[in-house]
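S.K.: Turn this into a model:
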Amino acid sequence: MRIPVNLASEPFQQVRPVLAATAALGLVLSASLASLLYLTVQERGRAAETRREIAALQQQAASLSREQAQLQELLRRPENAAVLDQAAFLNSLLYRKAISWTRIFGDLEGVMPHNVRLISIRPQVDSQSEIFLDMVVASQAQPPVIEMLQRMENSPLFGSVEVHSWTPPSQEQPLYRYRVSVNYNRRL
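M.R.: Numbering: from 1, shown residues only. Down below sits the predicted model:
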């Protein structure tokens, strides 16, 4: 029987692969640290540039708000009130004139069943340039009108529908008549 005896004060161990792996890991970590430092410095430069741009835009916004305040003050003077009223009146006329009847009728054609008649229509424009349609529609029966109202509510072009009144058929008017208001979602 053979007994291995090592008389050295420190026994031989194979640490070269461990040292090589540690050195490689150290190189990889050093490279990643260098790249992170590079990216940090680069991002710091971009952040400084962005802060300068924000400051410039804030200065522009402040100067524009000062200019707007001066112009509003000028318009609020009593001698300019007549001109301001006339401008508001002309703008409201232009808004009403900008309504496209062809577009309104085309959009209504898409939601109206064939057996519903459009008796009258009156578009109205509010201060936010939203269009409301006040209409009178008629049909020989109620279900086609109800179908039209449901189609309007489901359409992206029309908003909520409000039925103001309805009249049943009579001797003079053989059709059911509905007075309806609807939000029209086309912008001027």
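S.K.: What strands line up against the one helix or strand M135 maps to, and which way round?
M.R.: Using DSSP states H and E, the element containing M135 is strand 131-139. Applying DSSP bridges to the sheet, strand 131-139 is found paired with strand 116-125 (antiparallel), strand 176-184 (antiparallel).
S.K.: buried set for that strand?
M.R.: Buried residues in strand 131-139, defined by neighbour count with 16 or more other C-beta atoms under 10 Å: I131, L133, M135, V136, V137, A138, S139. No exception for glycine: its C-beta is placed from N, CA and C like everyone else's.
S.K.: ok, now stretch 106-123?
M.R.: Neighbour-count burial for stretch 106-123, with 16+ other C-beta under 10 Å as criterion, is recorded at D107, L108, V111, M112, V116.
S.K.: can you pull the alpha-carbon coordinates of the helix or strand of the chain with the lowest mean pLDDT into CSV?
M.R.: When the helices and strands of the chain are compared on mean pLDDT, DSSP states H and E, helix 81-97 comes out lowest with a mean of 76. Coordinates of each C-alpha in helix 81-97 appear next as CSV, following Å, rounded to 0.1, in the frame of the first residue of the first chain:
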residue,chain,number,x,y,z
ALA,A,81,-64.8,97.8,-27.5
ALA,A,82,-66.7,98.6,-30.7
VAL,A,83,-64.0,97.0,-32.8
LEU,A,84,-63.8,94.0,-30.6
ASP,A,85,-67.6,93.5,-30.8
GLN,A,86,-67.6,93.9,-34.5
ALA,A,87,-64.7,91.3,-34.8
ALA,A,88,-66.6,88.8,-32.6
PHE,A,89,-69.7,89.3,-34.8
LEU,A,90,-67.8,88.8,-38.0
ASN,A,91,-66.1,85.7,-36.6
SER,A,92,-69.4,84.2,-35.7
LEU,A,93,-70.7,84.9,-39.2
LEU,A,94,-67.6,83.2,-40.6
TYR,A,95,-68.0,80.2,-38.4
ARG,A,96,-71.6,79.8,-39.6
LYS,A,97,-70.5,80.3,-43.2
